[in-house]
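Colleague: My questions concern the predicted model and sequence given below.
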Amino acid sequence: MNSQEQTLIDRNLALEVVRVTEAAALAASKLIGRGDEKEADAVAVDAMRDSLNSLTIRGRVVIGEGERDEAPMLYIGEEVGLGWRTGQGPKIDIALDPLEGTTITAQGGNNALSVVAMTDEGGFLNAPDVYMEKMAVGAHIHPSALDLDAPIGDVLRNVSVQKGAKVEDLMVCILDRPRHKDLIQAVREAGARITLIQDGDVSAVIATADPQTGIDLYVGSGGAPEGVLAAAALQCIGGFMLGRLVFRNKDEIARAERWGITDRQKIYTTSDLAQSENVIFAATGVTDGTMLRGVRRFPGGAKTSSIVMRSKSGTVRRVEAEHNFNRKTWVSGV
């Protein structure tokens, strides 16, 4: 396969991946505010898996719903795509979260997404399902401003210098969790402003790369798999992230070792998490958020808002689609 053919496949695949996130978001939208996290996640997983299996790819899930004995579908290592039967299509690694924000969806909150990232085989870190310390900024801030081991006040001063602003002008995004109590206090003592989110740190990391959100820094601990997804997005849209795995017990350490992780203190950069320059990232809003509108359902159909990005070209597309449920094949304008 020559480079021109590969480029054509990349472009076509970027648009096809949007259909994957759209399918999962549409399925999950039926459960918004219904209070059932498990069912909302289950229908999103089913829809995403069906859609992935319609693509002419030889895909392997490296960030998914968990290990095979914990997840019946879209488990780590599962092979998806028509290409495994036909022998056609590129071999790619897939990181996904059919419903990033299950609690958000169940409660009818903001910032729930369906997310997929793809890259060349071996391009994503096989991150175990443990916590990860994270710190992220947009492309307008130099990576040297970040330091996971420095007091947060020092980091905020570094960011403020890079931005040409005062610390009190900065907005810091943090997951609202008891484990972040001291961090929140330290940020406030440094003088910066804070926006607390209940869930959805993939969208929060991405928000640092969009000046319109007003978020200058994301900091705190969240899921390591979500860290890989966020890094994939930053590879496309611009920005920088640091991450370090957090292990709470021997079981989590053993899980990491099964995936080849032996340096438990390693600080990962954006490129360590999503190594390839050939990354595709797509997300569709399930509920309204800072980055995307949620699914708007109406009799006989629905509207979705999505974003798809490619690191190779730096292209960012926003896709507004209308789906007609009264036809056998939904009409999705891309």
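Modeller: Structure's in. What do you need? Given the structure is predicted, the values throughout are model-derived calculations rather than measurements. Numbering: from 1, shown residues only.

Colleague: Please make it C-alpha for all contacts and neighbour counts, starting now.
Modeller: Will do.

Colleague: Show the contacting residues for the residue nearest to H142 when sequence neighbours are not counted.
Modeller: Excluding its sequence neighbours, the residue lying closest to H142 (Cα to Cα, 6 or more residues apart in numbering) is Q162, at 6.9 Å. Residues in contact with Q162 (Cα atoms under 8 Å, 6 or more residues apart in numbering) are H140, I141, H142, A145.

Colleague: so what's the second one scoring on pLDDT?
Modeller: Among the per-residue scores, I141 holds a pLDDT of 94.

Colleague: Give me the secondary structure label for the residue nearest to the spatial centre of the chain.
Modeller: Closest residue to the average C-alpha location of the chain: L229 at 3.6 Å, with Cα atoms, centre = their mean. Assigned by DSSP: H, G, I helix; E, B strand; the rest coil, the conformation of L229 is helix.

Colleague: Thought T119 was touching it, still the case?
Modeller: No. L229 sits out of contact with T119 when judged by Cα atoms under 8 Å, with a separation of 11.2 Å.

Colleague: Quickly list what's touching both of the two.
Modeller: Contact with both L229 and T119 is made by no residue, according to Cα under 8 Å, 6+ apart.

Colleague: helices or strands next to the one helix or strand E133 maps to in the packing?
Modeller: Using DSSP states H and E, E133 sits in strand 131-137. Counting contacts by 3 or more Cα pairs under 8 Å, 6 or more residues apart in numbering; DSSP states H and E, strand 131-137 is packed against strand 217-223, helix 224-237, strand 240-246.

Colleague: so which of the ones you listed comes closest to V20?
Modeller: Evaluated over those, closeness to V20 peaks at helix 224-237, with 15.5 Å, by Cα to Cα.

Colleague: Neighbour-wise, give me the winner out of the contacts of Q162.
Modeller: Within those, I141 tops the neighbour count with 22 neighbours, counted by other Cα atoms under 10 Å.

Colleague: quick one on the thing from earlier: quick one: the strand holding E133 to strand 217-223, angle?
Modeller: Using axes from the mean of the first three to the mean of the last three Cα atoms, to 10 degrees, the inter-axis angle of strand 131-137 relative to strand 217-223 is 160 degrees.

Colleague: what pairs with strand 131-137, and is each one parallel or antiparallel?
Modeller: With DSSP bridges as the test, strand 131-137 is paired with strand 217-223 (antiparallel), strand 240-246 (antiparallel).

Colleague: Any chance of these in a markdown table with mean pLDDT, distance to I184 and mean neighbour count as columns?
Modeller: Output for the strands paired with strand 131-137, formatted as a markdown table (pLDDT from 0 to 100; distance: least, Cα to Cα, whole Å; neighbours: other Cα atoms under 10 Å):
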| stretch | mean pLDDT | distance to I184 | mean neighbour count |
| --- | --- | --- | --- |
| strand 217-223 | 96 | 9 | 23 |
| strand 240-246 | 96 | 19 | 24 |
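
Colleague: Redo these as TSV? Include distance to L113.
Modeller: TSV is the format used below for the strands paired with strand 131-137 (distance: least, Cα to Cα, whole Å):
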stretch	distance to L113
strand 217-223	15
strand 240-246	20
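
Colleague: Can you say which of these is nearest to L292?
Modeller: Proximity to L292 (Cα to Cα) singles out strand 217-223 among those, at 18.3 Å.

Colleague: List the contacts of that closest one.
Modeller: Strand 217-223 is contacted by residues 129-138, 170-175, 180, 183, 201, 204-205, 208 when judged by Cα under 8 Å, 6+ apart.

Colleague: now with 7 Å?
Modeller: Strand 217-223 is contacted from outside by 129-137, 171-175, 180, 204-205, 208, using Cα atoms under 7 Å, 6 or more residues apart in numbering.
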